[in-house]
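Enquirer: Here's a sequence, model it:
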Amino acid sequence: MGRTSDARERLLYAALDLIWTRTYDAVGVEAICQAAEVKKGSFYHFFASKEDLAAQALEEHWEHSLPAMRRIFAAEKDPLERLFDYFDQVRRLNVERRAGGGCICGCPYLHVGAEMVQGSERITRTVHRILAGHFAFFRQAISDARDAAKIDSGADVALLARAVFALFEGTLVLARVHNDLAYLDDLIPGTKRILGVTT
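Expert: Residues are numbered from 1 along each chain as shown. Below is the predicted model:
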């Protein structure tokens, strides 16, 4: 089994990677255990079920991502640059994944959430909470952009934030479907167009 001290973490990582690159239904407990190099008996020591593991893996991924998100979206930064820096970071991560022999996997939360919306109330609740937290960074940046007169002072912040977030998530879906990084090049110009930024 390897060291029991990190077995839980290896299961979380393996589960997210397999479910993200494939689908929830296509990945069984045995495959997750094999990828994590953990015996099946140990799996049930840490998790009640695959559903339990998947929900915890998504939560762990989001919690791990938060420090970087907070740095990128720091309040002292130009509000539009927060968004553009984040898009650049997402593109770099996908470039690295492709270079390592992987694929463009899109957003793990949307990917799993779309599959499980009718299949698991727990996973769906987890995805809703994470996406709400993710969206909050976009909304705050756009609100600050309006307050700083970077965009129209009469702009509907909630509407614009939903539009930009939909562009972001939809672009990642298209990049995944086509396995083509070029789709990610639309994020910054598309966001500028939505927000009415001309520079």
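Enquirer: who touches the nearest residue to residue 162 once chain neighbours are set aside in this structure?
Expert: Residue nearest to residue 162 in three dimensions, not counting chain neighbours: residue 135, with 7.8 Å by CB to CB, 6 or more residues apart in numbering. (Glycine included, C-beta is placed from N, CA and C.) Residue 135 sits next to 161, 162, 165 when contact means CB atoms under 8 Å, 6 or more residues apart in numbering.
Enquirer: At the geometric centre of the chain, which residue sits there?
Expert: residue 107 (4.0 Å; CA atoms, centre = their mean).
Enquirer: so that one touches residue 170, yeah?
Expert: No: using CB atoms under 8 Å, residue 107 is not in contact with residue 170, being 10.0 Å away.
Enquirer: Can you tell me which helices and strands the host helix or strand of residue 12 packs against?
Expert: Element membership for residue 12 (DSSP states H and E) is helix 7-21. Other helices and strands packing on helix 7-21, by 3 or more CB pairs under 8 Å, 6 or more residues apart in numbering; DSSP states H and E, are helix 29-36, helix 40-46, helix 50-72, helix 108-116.
Enquirer: Check whether the spatially closest residue to the residue nearest to the centre of the chain that is not a sequence neighbour sits in a helix, strand or coil.
Expert: In space, and not counting its chain neighbours, residue 107 is closest to residue 172: 5.0 Å by CB to CB, 6+ apart. Three-state call for residue 172 (DSSP: H, G, I helix; E, B strand; the rest coil): helix.
Enquirer: I'd guessed residue 172 sits against residue 106; true?
Expert: Yes: here residue 172 reaches residue 106: they are 4.0 Å apart, a contact under CB under 8 Å.
Enquirer: In contact with residue 11: list those residues for me.
Expert: Contacts for residue 11 (CB under 8 Å, 6+ apart) come out as 32, 33, 36, 38, 43, 46, 47, 53.
Enquirer: And residue 28, by the same measure?
Expert: residue 50.
Enquirer: State the distance from it to residue 197.
Expert: 47 Å (CB to CB, to the nearest Å).
Enquirer: can you pull the buried residues of the lengthiest helix in the chain?
Expert: As assigned by DSSP state H, the longest helix anywhere in the chain is helix 121-147. Buried residues in helix 121-147, defined by neighbour count with 16 or more other CB atoms under 10 Å: 123-124, 126-127, 130-131, 134-135, 137-146.
Enquirer: next one: stretch 10-22
Expert: Residues of stretch 10-22 classed as buried: 10, 11, 12, 13, 14, 15, 16, 17, 18, 19, 20, 21 (neighbour count, 16+ other CB under 10 Å).
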